[in-house]
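Novice: A predicted structure for the sequence below; I have some questions about it.
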Amino acid sequence: MSTPDPSENPDWRGLVESPEVDWRSVATSAEGPAGELPLTDEMLREWPSGDLFGMSQDAGMGWAPSETRGDQFLILSTQGGLRGEDGRPIALGYHTGHWEIGLLVKAAAEEFKRLGGVPFAGMVSDPCDGRSQGTKGMMDSLPYRNDAAVVFRRLIRSLPRRKGVLGVATCDKGLPAMMLALAGTPGLPTVLVPGGVTLPPRSGEDAAAIQTIGARYAHGEITLEAAADYGCRACASPGGGCQFLGTAATAQVVGEALGLSLPHSALAPSGQPVWLDMARRSARALADLARRGATTREVVTDAAIRNAMVVHAAVGGSTNLLLHVPAIAHAAGLRRPSVDDWHAINVKVPRLVSVLPNGPVHHPTVRVFLAGGVPEIMLHLRALGLLDESAATVAGTSLGRVLDWWEGSERRKRSRERLYQEDGVDPDEVIMSPGRARERGLTSTVTFPRGNLAPLGSVIKSTAIDPTVVDADGVYRKLGPARVFTRERDAVAAIKGRTVAPVVAGDVVVLIGCGPLGAGMEEIYQITSALKFLPFGKHVAVLTDARFSGVSTGACVGHVSPEALAGGPLGKLRDGDLVRVVIDRVNLEGTIDMVGADGVEVGPVEGARILDGRPPHPGLAPDPDLPDDVRLWAALQEASGGVWGGCVHDADAIIAAMGRGG
């Protein structure tokens, strides 16, 4: 007999016994489904055994055996959590964005069945960038996208008789992963169903502002009671992506602009009848595409990619789409857009949408939907001659025909009327004409600064710089001392005033070692959001080789390349170095330069010479907790074109590098 371990659980027997089970009810065989499979001589002689066995599986799961030969349609989603029939949680999801989309899957499946098809459903759940901000979980955020896309594609291929794929996704990484999977399935028809948005509270704060309660409380800007109250109500409805035009909402807009979603799908309010109706209509669209033999190859084209980039600029979208759109193009076998392509489009395309977080009025995303959403934006862009109207859409007709319909549609009329009736908001003040947008001070979306700190480029959502710190000529100019941090948590502590030398107005916060090689190219919304909501924050600039949340605003320059751990000059800065940031919001030009040391300004040329002669910052090193699989992702994407190539896995480039011994 073994000797009891003094550290053991004294009640362990209760974990291994099952006294409540009636063992007499345990069966060892069953009758099986009644009926017969609709087999034919040809099927038995010609079909692979897997196809035949699949019909047995279908009957075993309860599908009527006589109906198992219907056309198969696969519904893939990012569903998370477990909801009861009454909608209450049995097990929570990671976020509201995947909490309700099982309802979309159900509505689409019922429509496929009504049409005589056989629906299948699979899921690859997704993380929440908001939940993982400031934690080790953020290191897995961007790498997840590639992994999930691979699993989605494997699931598609693992249902050999599927006629088409319906993808249902909502948020920051799950939705781009789904678009990579659909674009990477060019020989099948596919349709994207965006998961919509959650509603803002009638009083309180939205999901963007609420992520700053820690920093504001630390500075005495809000009370403990206010933080607890606002935090409870920020997500006012249980499903959908956040209420601001961050990465999730921008990805929904881009998916529709690509032609992968039905018109007026992006940003619908989750859980509402108009949202469920979208799933049913999307199922019908996919069945029709399959009947006509239309495929994704005809929808995701170079023209569609360019249209999506144009709409991204017009809506003022998240800079994370600069990673995702090239990745979608790569998945589709198309040319990946370059920085020059993005710049050329942003020079031509005016921002037309007033929405959180860009403003000037912080309308939630549901108002963008009711104001007309993507089709309304495209009407203005068409008038400017900026769209390729010949691009195909999953609606079964060209973009031009869709916009002709939208302009005089009852749907457009009723949607825009509802916005005014419910909120008293003029839809033309949410989605503006180019003339009105100029009058309201909206500027083009992104700028790509270079300089001696970013010889390979960087990016800033220049339209979201606080206009009160921009000079009359439309140029933001900043000269200040560098405050260099090698870990996000240290920068956040200094911003909260919890260090000996806190961040103050006039500083340039420099966060290094947080690109792909250092921390999986983490998203540093903790920093940018705190600065937005602190009184002195607009007088602080941020430079980093990390990336930003789509809801970030301010003078925040990210994607600085090369990253510090790849030898980038940003990694050679020291505390007190003078840094000059110049962002021309009119001409979309900019520079970030080290221009002095020891309090003496020497200019960018001499600054570059000083940097060349320095070793890297002594604290620069990969995060010690960086997982091995993230390290592997970083190496693979670096071999595949890096950040400006979309952080993809390019099989040809990787195999070639391995062949060279690289």
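Specialist: Cool, got the structure.
Novice: so for the lengthiest strand in the chain, what's the average pLDDT?
Specialist: Determined from DSSP state E, the single longest strand within the chain is strand 475-485. Average pLDDT, strand 475-485: 97.
Novice: Paired strands for that strand, with orientation please.
Specialist: strand 508-511 (parallel), strand 578-584 (antiparallel) (DSSP bridges).
Novice: Residue 627 is in contact with residue 139, isn't it?
Specialist: Yes: the criterion here is C-beta atoms under 8 Å, and residue 627 meets it with residue 139 at 6.6 Å. Where C-beta positions appear, they are placed from N, C-alpha and C, glycine not excepted.
Novice: okay, stretch 407-422 in PDB with CA atoms only?
Specialist: Provided in PDB are the C-alpha atoms of stretch 407-422 (Å, rounded to 0.1, in the frame of the first residue of the first chain):
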ATOM      1  CA  GLU A 407     -28.500  55.400 -54.600                       C
ATOM      2  CA  GLY A 408     -32.300  55.100 -55.100                       C
ATOM      3  CA  SER A 409     -33.000  52.100 -52.800                       C
ATOM      4  CA  GLU A 410     -35.700  51.900 -50.100                       C
ATOM      5  CA  ARG A 411     -33.000  50.400 -47.900                       C
ATOM      6  CA  ARG A 412     -30.900  53.500 -48.100                       C
ATOM      7  CA  LYS A 413     -33.800  55.800 -47.400                       C
ATOM      8  CA  ARG A 414     -35.100  53.900 -44.400                       C
ATOM      9  CA  SER A 415     -31.700  53.400 -42.800                       C
ATOM     10  CA  ARG A 416     -30.800  57.100 -43.000                       C
ATOM     11  CA  GLU A 417     -34.200  58.100 -41.800                       C
ATOM     12  CA  ARG A 418     -33.800  55.800 -38.800                       C
ATOM     13  CA  LEU A 419     -30.600  57.600 -37.700                       C
ATOM     14  CA  TYR A 420     -32.300  60.900 -37.600                       C
ATOM     15  CA  GLN A 421     -35.500  59.600 -35.900                       C
ATOM     16  CA  GLU A 422     -33.500  57.700 -33.200                       C
END
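Novice: Flag every buried residue along that stretch.
Specialist: Going by neighbour count (16 or more other C-beta atoms under 10 Å), the buried part of stretch 407-422 is 409, 412, 415-416, 419.
Novice: phi, psi of the residue most central in space within the chain?
Specialist: By C-alpha atoms, centre = their mean, the chain has its centre lying nearest to residue 172, at 2.4 Å. With angles defined as degrees, to the nearest 10, residue 172 sits at phi -50, psi -40.
Novice: and it, what does it touch?
Specialist: Residue 172 sits next to 128-129, 141, 246-248, 251, 320, 550 when contact means C-beta atoms under 8 Å, 6 or more residues apart in numbering.
Novice: hmm, who's touching stretch 82-102?
Specialist: Under the criterion C-beta under 8 Å, 6+ apart, external residues in contact with stretch 82-102 comprise 77-81, 125-128, 130-131, 168-171, 174, 195, 198, 235, 237-242, 248, 270-271.
Novice: ok, now with 6 Å
Specialist: For stretch 82-102, the external contacting residues (C-beta atoms under 6 Å, 6 or more residues apart in numbering) are 77-81, 127-128, 168, 170-171, 195, 198, 235, 238-241, 270-271.
Novice: Same question for stretch 570-587.
Specialist: By C-beta under 6 Å, 6+ apart, the list of residues contacting stretch 570-587 reads 443, 447, 453, 462, 474-479, 481-482, 484, 508, 510, 512, 541, 545, 560, 564, 590-597, 601, 611, 614, 616-617, 620.
Novice: Any of these buried? List them.
Specialist: Buried members of those, counted by 16+ other C-beta under 10 Å: 443, 447, 453, 462, 476, 478-479, 481-482, 484, 508, 510, 512, 541, 545, 560, 564, 590-597, 611, 616-617, 620.
Novice: quick one, longest helix in this structure?
Specialist: Across the chain, the longest stretch assigned as helix under DSSP state H is helix 273-292.
Novice: For the helix or strand following that helix, enumerate the helices and strands it packs against.
Specialist: Downstream of helix 273-292, the next assigned helix or strand under DSSP states H and E is helix 302-315. Applying 3 or more C-beta pairs under 6 Å, 6 or more residues apart in numbering; DSSP states H and E, we find helix 302-315 packed against helix 247-257, helix 339-348, helix 373-383.
Novice: give me the low-pLDDT residue ranges for this protein?
Specialist: Judged by pLDDT under 70, the chain has its weakly predicted residues at 1, 660-662.
Novice: Leaving aside the residues adjacent along the chain, what's closest to residue 126?
Specialist: When the adjacent residues along the chain are set aside, residue 126 lies closest to residue 174, with 3.1 Å between them (C-beta to C-beta, 6 or more residues apart in numbering).
Novice: Can you tell me how far that neighbour is from residue 550?
Specialist: Per C-beta to C-beta, to the nearest Å, residue 174 is found 14 Å from residue 550.
Novice: More neighbours: these two, which one.
Specialist: residue 174 (36 against 26; other C-beta atoms under 10 Å).
Novice: That one and residue 284, how far apart?
Specialist: From residue 174 over to residue 284 the distance is 24 Å, taken as C-beta to C-beta.
Novice: try residue 168
Specialist: Distance from residue 168 to residue 284, by C-beta to C-beta: 15 Å.
Novice: quick one, which of those two is more surrounded?
Specialist: Taking other C-beta under 10 Å, residue 168 and residue 284 do not tie; residue 168 has more neighbours (28 against 16).
Novice: circling back to that earlier point, adding distance to residue 530 and mean neighbour count, write the helices and strands packed on helix 302-315 out as JSON lines.
Specialist: JSON lines is the format used below for these (distance: least, C-beta to C-beta, whole Å; neighbours: other C-beta atoms under 10 Å):
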{"stretch": "helix 247-257", "distance to residue 530": "19", "mean neighbour count": "31"}
{"stretch": "helix 339-348", "distance to residue 530": "27", "mean neighbour count": "17"}
{"stretch": "helix 373-383", "distance to residue 530": "31", "mean neighbour count": "22"}
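Novice: can you redo those as a markdown table with distance to residue 570?
Specialist: As requested, those are arranged in a markdown table below (distance: least, C-beta to C-beta, whole Å):
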| stretch | distance to residue 570 |
| --- | --- |
| helix 247-257 | 23 |
| helix 339-348 | 17 |
| helix 373-383 | 35 |
